[in-house]
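1. okay, predicted coordinates and the sequence, questions at the end:
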Amino acid sequence: MTKKVQVLGIGIIGGGFIARFHIKSWVGVRDADILGVFDPDAKRAREACALVKSLGVGEAKPYASITDMAADPRIGALWICAPNYTRGAVMEEIAHAVSKGKAELVGVACEKPLGRNVREAKNMLELARKAGLLDGYLENQVFSPAVVRGKEIVWARGAALSGPPYLARAAEEHSGPHMPWFWEGALQGGGVLNDMMCHSVEEARFMLTPPGAPRDVLTPVSVTAYTNCLKWQEPKYAAILAKNSGGKTDYLKRPAEDFARSLVEYKDKAGKILVVETTTSWCYVGAGLRLSMELLGPEYALQINSLDAGLKVFFSREVQGKAGEDLVEKQNAEIGLMPIVADEAGEYGYIAENRHMVQSFLRGVRPEENFTDGVAVAELLMAAYRSAELGKTLAFPFKGLDDYIPPVARGKWNPKSK
Ligand SMILES: NC(=O)c1ccc[n+]([C@@H]2O[C@H](COP(=O)([O-])OP(=O)(O)OC[C@H]3O[C@@H](n4cnc5c(N)ncnc54)[C@H](O)[C@@H]3O)[C@@H](O)[C@H]2O)c1
């Protein structure tokens, strides 16, 4: 169903951390305004709406339910920014409102991961299809200007003259998530592998794919992965997680992995093997979030490190300010030489991502990054969990992939009891 609108009205579901990033990115998005926020926590919804208004990116108001927001004729598309454990119920409600004729929407965009496992991710895709909605998968890193521009240059110069790239390395590391639910395997779907390797495998796959080519020019053939809990299972750090969650999170008994790596072998159409290598961690204590990427080919190399910021500040020990995240996401210090990512919403890819989703929805075409990509990412992550569980390389896809739930998501993983 396409709605004849000049300016697309956006409703955001979940007004927390990532919603704030999207709202801030909206200063660089055209032809769409943020008009509503639904969050069961009314304070969060009000705060998100206030931020929207203060930035002048829409006359947002809080709604009492997803259905109410979807039913407002001013709203043409929804952004799902609620926690992972609510995905299915949120999408069911959207699909129901559309199918029953209560809402007329063009599309839905969903934050990573699309589901906590393959079954959930496929269900999201199925629900969107049945409701006739265009679907966008919000993987910001494939829209990051450094990644997009780097790919363009490497393929136009290095690959054109010396051959395509054969190895992509991606790493996403920080000192741990901001909310207790992320740390719970059952709620989040796993540990850092599910939370952050979703970015790394997808941006590396994107870099290895020739510009403009469809995803299926590369076929995954094997996955090898390793997981461990290096820091947060130590009693001193487990106690911090327990305290932050009011006693709920118990990393002595039910840890999730805080370190994970994977190696994915792909085959291209000519049968040549290409490699993606990823590292993710919740136990990296540097200045803050570090996103790194390398793309290597016969006569070239590309390198990105988000903490190699052009802007740095130095504060002496006399400057004992309050702890904050005003310099960089997941900031760990306030003094010494500190990098500042000047425009995080732009540099991490949120502005370009949201522009692309809005323009696709307004033109009535499926976004280039969509729920099919979200399913493909979930498949790779579940294969990585299974490989780590078995301690061996797995041919991809493996039997039972669709129904596989990693031990960490069932509360049955503990590397110390090995
Ligand atoms: N692209 C990225 O780099 C990135 C970064 C952070 C988070 N995320 C993703 O965004 C999603 C949200 O993460 P976050 O960091 O904003 O979490 P958060 O806990 O900070 O915020 C989530 C918000 O959703 C609300 N909520 C809870 N249940 C809800 C429901 N049923 N319907 C609507 N809202 C509900 C909560 O009250 C909260 O305000 C997660 O899926 C996460 O993986 C993506």
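-> Thanks, I have it.
2. which helix or strand contains S25?
-> Secondary structure from DSSP states H and E places S25 in helix 17-25.
3. can you report how many residues lie near whichever residue of the stretch 1-150 of the chain sits closest to the ligand?
-> At 1.9 Å from the ligand, G16 is the closest residue in the stretch 1-150 of the chain, using CB to the nearest ligand atom. To be clear about C-beta, it is placed using only N, CA and C from the backbone, and glycine gets the same treatment. Per other CB atoms under 10 Å, the neighbour tally for G16 reads 18.
4. which ones are touching it?
-> G16 makes contact with D39, R44, C81, M179, according to CB atoms under 8 Å, 6 or more residues apart in numbering.
5. could those go into TSV alongside pLDDT?
-> What follows is the contacts of G16, written out as TSV (pLDDT from 0 to 100):
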residue	pLDDT
D39	98
R44	98
C81	98
M179	97
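6. report the entries of the residues you listed that also contact the ligand.
-> Filtering those for neighbours of the ligand using CB under 6 Å from any ligand atom leaves D39, R44, C81, M179.
7. so which residues on this protein come close to the ligand?
-> By CB under 6 Å from any ligand atom, the residues of the chain that approach the ligand are 13-19, 38-41, 44, 81-84, 86, 90, 111-112, 140, 179.
8. change it to 5 Å
-> Within the chain, the positions lying close to the ligand (CB under 5 Å from any ligand atom) are 13-14, 16-18, 39, 41, 44, 82, 84, 86, 111, 140, 179.
9. tell me where the stretch 51-200 of the chain has helices.
-> Using DSSP state H, counting those that start in this stretch, the helices of the stretch 51-200 of the chain run over residues 66-71, 87-99, 118-130, 145-153, 160-162, 180-183, 185-188, 192-208.
10. N414: neighbour count?
-> Around N414 there are 16 residues (other CB under 10 Å).
11. so what's it closest to, chain neighbours aside?
-> P255 (6.1 Å; CB to CB, 6 or more residues apart in numbering).
12. ok, that neighbour - contacts?
-> Contacts of P255 by CB under 8 Å, 6+ apart are G191, C229, W232, Q233, A238, W413, N414, P415, K416.
13. about what we covered before: buried residues in the helix holding S25, which are they?
-> Residues of helix 17-25 classed as buried: I18, A19, R20, F21, H22, I23, K24, S25 (neighbour count, 16 or more other CB atoms under 10 Å).
14. report the mean confidence score over that helix.
-> Confidence for helix 17-25, expressed as mean pLDDT, is 98.
15. likewise for stretch 212-226?
-> Taken as a whole, stretch 212-226 has an average pLDDT of 97.
16. run through who's touching it.
-> Contacts of stretch 212-226 (CB under 8 Å, 6+ apart): 193, 205, 208-210, 260-269, 273-274, 372-373, 376, 379-380, 383-385, 387-388, 392-397.
17. doesn't K312 belong to a strand?
-> Yes. Assessed by DSSP: H, G, I helix; E, B strand; the rest coil, K312 belongs to a strand.
18. returning to that earlier point: out of the residues of the chain next to the ligand, which comes closest to A342?
-> Closest approach to A342 among those (CB to CB): N140, at 16.9 Å.
19. look up how far A160 lies from the closest residue to that closest one other than its chain neighbours.
-> The shortest distance from N140 to any non-neighbouring residue, by CB to CB, 6+ apart, is to G349 (3.8 Å). To A160, G349 is 25 Å away according to CB to CB, to the nearest Å.
20. who has more neighbours out of the two?
-> Set side by side, G349 and A160 show more neighbours around G349, with 25 against 10, by other CB under 10 Å.
21. isn't that one up against K112?
-> No. Applying CB atoms under 8 Å as the test, G349 and K112 come out as separate, 11.7 Å apart.
22. re earlier: and the buried residues of helix 17-25 as JSON lines, adding distance to V201?
-> What follows is the buried residues of helix 17-25, written out as JSON lines (distance: CB to CB, whole Å):
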{"residue": "I18", "distance to V201": "19"}
{"residue": "A19", "distance to V201": "24"}
{"residue": "R20", "distance to V201": "26"}
{"residue": "F21", "distance to V201": "21"}
{"residue": "H22", "distance to V201": "22"}
{"residue": "I23", "distance to V201": "27"}
{"residue": "K24", "distance to V201": "26"}
{"residue": "S25", "distance to V201": "23"}
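23. surely H356 touches P367?
-> Yes. The criterion here is CB under 8 Å, and H356 meets it with P367 at 6.1 Å.
24. list the residues that are in contact with both of the two.
-> Taking CB under 8 Å, 6+ apart as the contact criterion, the common neighbours of H356 and P367 are G136.
25. the closest residue to the ligand within the stretch 151-300 of the chain - how many residues pack around it?
-> When scored by CB to the nearest ligand atom, the stretch 151-300 of the chain has M179 as its residue closest to the ligand, at 4.0 Å. Other residues lying near M179 total 13 when counted by other CB under 10 Å.
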